[in-house]
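>>> next comes the sequence, and after it the predicted model I'd like to discuss.
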There are 2 protein chains.
Amino acid sequence: MIAEVLTIGDELLRGEIIDSNKSFLSERLLRIDVHTRFHASVCDSPTDMTDAFLRAACRADVVLVSGGLGPTRDDVTLEVLAETFGRKLKLHEPSLRALEAFFERFGRKMAESNVKQVWLPEGSEALPNPVGTAPGCLFEAEDTLFFCMPGVPRELYQMMDEQVIPRIAARAPEAAGQGSVVRSTMLRTFGIGESILEDELADLARDEHLSLGFRTTFPDNLLRPVARGANEAEAGERLAKLCASIRERLGALVYSEGEDQTMEVVVVGELVERDLRIATAESCTGGLIGAKLTAVPGSSATYQGGVVAYANEAKVAHLGVSPELLEAHGAVSEPVALAMARGARERFRADLAISTTGISGPGGGSDEKPVGLVWVALSTAAEDVAQDFVFPLSREGHRVITTQVALDWIRRHLLGEERAAPRYLLAPRAASQVASQGTGAAS
Amino acid sequence: MIAEVLTIGDELLRGEIIDSNKSFLSERLLRIDVHTRFHASVCDSPTDMTDAFLRAACRADVVLVSGGLGPTRDDVTLEVLAETFGRKLKLHEPSLRALEAFFERFGRKMAESNVKQVWLPEGSEALPNPVGTAPGCLFEAEDTLFFCMPGVPRELYQMMDEQVIPRIAARAPEAAGQGSVVRSTMLRTFGIGESILEDELADLARDEHLSLGFRTTFPDNLLRPVARGANEAEAGERLAKLCASIRERLGALVYSEGEDQTMEVVVVGELVERDLRIATAESCTGGLIGAKLTAVPGSSATYQGGVVAYANEAKVAHLGVSPELLEAHGAVSEPVALAMARGARERFRADLAISTTGISGPGGGSDEKPVGLVWVALSTAAEDVAQDFVFPLSREGHRVITTQVALDWIRRHLLGEERAAPRYLLAPRAASQVASQGTGAAS
């Protein structure tokens, strides 16, 4: 089954927005083992759209079309699609009633222009849109399935998952002639470079039923194991086995499983579960750790607060760091990092506290303390520990990775994992490997 | 002149990365008045690449190709491009020497596989890549210009701006037969909904020499005025006039001009210029304001630090908010917001301080204090002021817009602008307009 994703809209071709719909749609298709072979975008021009539809019908079995379903004059996707294959548009009564109900629910009057949105190509199937005004539709022409969806991501996401994927999944095995079921998951890793990760796992997922995708979302590397089987049970079992092999090799470098299980979600979850209170003392990260923790709903059950101690005076006045210590060692030093963490833990009456102090650049470095140097410290009732890293990254990259290290330290502490395991790649040399991870695009 | 952007790579078609190169390249072309008519992506398959090259040669005058220039076996863009149009690859000596120098500079040994990267199609022109190993090239076939660039964004950006744009700009007027010069800029606005913005400015940029683009990067709305003229002076004058008209209508809603002039850059700049010290007291924003301020290099000259006072205890202990005040009014209230800002200003010995306290959701709301409610307060030596807003957004959206309001208040205070100007759309009703701004994709 060959898939094409076709997005439509002048704003895409002008480069006004980054078209994230394409990667979303392709990623979702891949989960059910359907591979996207072509991506294309055209503007709201009937000529270019017709050309794109005809070409897609020739080269693809399923075409996901996004955009051009709105109420304005520019939105002509369905009109052009119908005309391209010699069909007419027809008012779709159930969609009109759904549209009227939609406006009623929000207490708004429906504009005349909205009615245009429920004229669908003859013989097509409407795809309900519970969160917007434009229904989608499934249109079949020349043995190719065209799924037309809105361009608004929120509406597209829901329609893809609820309406489109089940319809393709129902047809895919038959098209492929194999009757297979696909199961997949996501494993999130932090602290290991992408190329090393690929090398370490290269011999896994080698058989025809398994695949393993890699993706970098700085500073994490994400793994997507996929398994196929004759039925749910077989696919599930193969997936579980693959995940177990990965975890066995990577240990605590895998920090979670699941789409939304970000580092901060994991950390807040573990803290809340243990009924522990946490505080922060941030210098170079400037509030990013607090911002990450408080991004998680319910974090108020564990996060007491913290001090952004950017100036030395603030470290003295609000964290109790002694001026002598600052004078003797400088703000970016082990004793100051430790004193900051200890000060935050005591002053916020927390069970544990994390601190950061470093030189994110671009200025402020010296031979002894280069740009990129950072100290992270963790204070608990039992012990205070600190470690230095050098991350040769941009200012923002440096702050982001330092924040993630701080959160990961908390996680490792709670789970009794080593903070400085051999492959936890954050020593100076290793850091440059992390640094070399771009957005994942090949050169 | 018709342009096409063609990106190449399996990872794109698998949806592993969001392809931001396309919008970058199209936006850059538009600045020199070249319109992109087609976007396409194919995987690293010679068949599909050949097909894409031939089609692009038919329908476009200039084709920007990105990806597939790396050292691995999968990277075959130049090989396939040459073969498609009956040419051969040839070792490009100057690029080989540049590549050797590149590795020498980093003290690394060049791998054999890297040599492959400097074999360019016969008759093509090499485009230097000072920040990576793969040179680009300009290849001409069937009256179409193919600019091949790396897929790594950092390398692509520099090559596009330094090598590609000047070459296209030199040919564009001749192709268009008009000899015109294009000038553009970016105006950043905050506090006004996109649709209202479009309505207010609808009658500007109506003549053939001018255009005005809109783009939403939540929570800002960005304007891109573009002017054409027979020469630099004429284009520049038209652009200045258009910008002046926009500023006249929008006043302080325009907060900066220029690509990198974000709100935090503007605020830090104004503070440093006035030699003022600032502190923060954050509850619902959890450190985001501090993180924004400290993202700006040199912010240590003005930012003293702050307290993330997430728990009520922290508001009492570290900002001096009285327990009675908290008891009487609740944490999300005008008196508490004011006390937080005042406490931060005094305790960090700052000239001014900003505070936030609100209910970002999803839980924690009541009839009297709904989810989305937030108080922002500003304390200065002269006065303490506070205002409430309701932003019916996601938790993250609520925190992001609150952070921007806080920064904008500081800016407005410094510039002597009203904080609650009539069109500063942050009252409950208006906030829902801000809320309705999606990612900018049309339905």
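All right, it came through fine. Numbering: from 1, shown residues only, chains lettered A, B, ... in the order given.
>>> pull the longest strand from chain A.
strand A:220-229 (DSSP state E).
>>> tell me the SS of A:Leu64?
With DSSP: H, G, I helix; E, B strand; the rest coil as the basis, the three-state label of A:Leu64 is strand.
>>> now A:Arg37. Nearest residue, chain neighbours left out?
A:Ile2 (5.0 Å; CB to CB, 6 or more residues apart in numbering or on different chains). Placement of C-beta: from N, CA and C, glycine included.
>>> tell me the pLDDT of that neighbour.
Looking at A:Ile2, its pLDDT stands at 94.
>>> so it touches A:Asp61, yeah?
Yes: with contact taken as CB atoms under 8 Å, A:Ile2 and A:Asp61 are classed as touching, separated by 5.2 Å.
>>> these two: who's more crowded?
Just comparing A:Ile2 and A:Asp61: by other CB atoms under 10 Å in any protein chain shown the higher neighbour count belongs to A:Asp61, 19 against 16.
>>> quick one: contacts for A:Ile82?
One correction, residue A:82 is Ala, not Ile. A:Lys88, A:Leu89, A:Pro121, A:Glu122, A:Phe139 (CB atoms under 8 Å, 6 or more residues apart in numbering or on different chains).
>>> how about stretch A:370-387: buried residues?
Using 16 or more other CB atoms under 10 Å in any protein chain shown as the test for burial, stretch A:370-387 gives A:371-380, A:384-387.
>>> make that stretch A:99-107, sorry
Neighbour counts over stretch A:99-107 (16+ other CB under 10 Å) mark A:Leu99, A:Phe102 as buried.
>>> report whether that stretch contacts chain B.
No: on the criterion CB under 8 Å from any CB of the partner chain, stretch A:99-107 is out of touch with chain B, staying 10.7 Å away.
>>> which stretches of the stretch 1-150 of chain A have low pLDDT?
When residues are selected by pLDDT under 70, those of the stretch 1-150 of chain A lie in A:106.
>>> the strands in it, which residues?
A:2-8, A:35-42, A:62-66, A:89-91, A:119-121, A:125-127, A:136-141, A:144-149 (DSSP state E, counting those that start in this stretch).
>>> mind giving me the domain ranges of chain A?
Per automatic domain parsing, the structural domains of chain A span A:2-176, A:181-257, A:263-435.
>>> to B:Ile192, which of those lies closest?
Of all the domains of chain A, it is domain A:2-176 that lies closest to B:Ile192, at 17.7 Å by CB to CB.
>>> write out the residues of the stretch 51-200 of chain A neighbouring chain B.
Proximity of the stretch 51-200 of chain A to chain B, by CB under 8 Å from any CB, involves residues A:67-72, A:74-75, A:132-134, A:150-155.
>>> and the stretch 251-400 of chain A, which residues reach chain B?
Counting by CB under 8 Å from any CB, the stretch 251-400 of chain A sits next to chain B at A:280, A:282, A:284-291, A:293-295, A:297-300, A:303-311, A:313-314, A:317-318, A:347-349, A:361-363, A:395-396, A:399.
>>> rerun that using 7 Å as the cut-off
A:280, A:286-291, A:293-295, A:297, A:300, A:303-311, A:313-314, A:318, A:348, A:362-363, A:395-396 (CB under 7 Å from any CB of the partner chain).
>>> so which of those sit within helices?
Secondary structure defined by DSSP state H assigns A:Leu288, A:Ile289, A:Gly290, A:Ala291, A:Leu293, A:Thr294, A:Glu313, A:Ala314, A:His318, A:Arg395, A:Glu396 of these to helices.
>>> just those residues now: which is nearest A:Glu79?
A:Glu396 (45.0 Å).
>>> okay, now that closest one: neighbour count?
For A:Glu396, using other CB under 10 Å, the count is 12.
>>> ok, and the closest non-adjacent residue to it?
B:Ala295 (6.4 Å).
>>> quick check: phi and psi at that neighbour.
phi -70, psi -20 (degrees, to the nearest 10).
>>> measure it to A:Val115 for me?
47 Å (CB to CB, to the nearest Å).
>>> of the two, which one has the most company?
Neighbour count, other CB under 10 Å: between B:Ala295 and A:Val115, B:Ala295 has more, with 19 against 14.
>>> hmm, that one is touching B:Glu264, no?
Yes: contact criterion CB atoms under 7 Å: B:Ala295 and B:Glu264 qualify, at 5.9 Å.
>>> tell me the gap between stretch A:375-385 and the middle of its chain.
31 Å (CA atoms, centre = their mean, to the nearest Å).
>>> and what of stretch A:383-396?
With CA atoms, centre = their mean, you get 24 Å for stretch A:383-396.
>>> how long is it from one end to the other?
In stretch A:383-396, first residue to last residue: 30 Å (CA to CA, to the nearest Å).
>>> what's the answer for stretch A:188-202, then?
17 Å.
>>> report the buried residues of it.
A:Arg188, A:Thr189, A:Phe190, A:Gly191, A:Ile192, A:Gly193, A:Glu194, A:Leu197, A:Leu201.
>>> adding secondary structure and pLDDT, write those out as CSV.
CSV is the format used below for these (DSSP: H, G, I helix; E, B strand; the rest coil; pLDDT from 0 to 100):
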residue, secondary structure, pLDDT
A:Arg188, strand, 96
A:Thr189, strand, 95
A:Phe190, strand, 93
A:Gly191, coil, 89
A:Ile192, coil, 82
A:Gly193, coil, 74
A:Glu194, helix, 71
A:Leu197, helix, 82
A:Leu201, helix, 89
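>>> closest one of these to chain B?
Checking the buried residues of stretch A:188-202 against chain B with CB to the nearest CB, the nearest one is A:Glu194 at 11.4 Å.
>>> for the closest one, give its distance to A:Asn221.
5 Å.
>>> now do the shared contacts for those two.
The contact sets of A:Glu194 and A:Asn221 overlap at A:Phe214 (CB atoms under 7 Å, 6 or more residues apart in numbering or on different chains).
>>> residues contacting A:Asp74?
A:Asp44.
>>> ok, it to A:Lys88 distance?
21 Å.
>>> same question for A:Leu210.
For A:Leu210, the distance to A:Lys88 - CB to CB - is 47 Å.
>>> more neighbours: the two, which one.
Comparing A:Leu210 with A:Lys88 by other CB under 10 Å, the one with more neighbours is A:Leu210, at 17 against 11.
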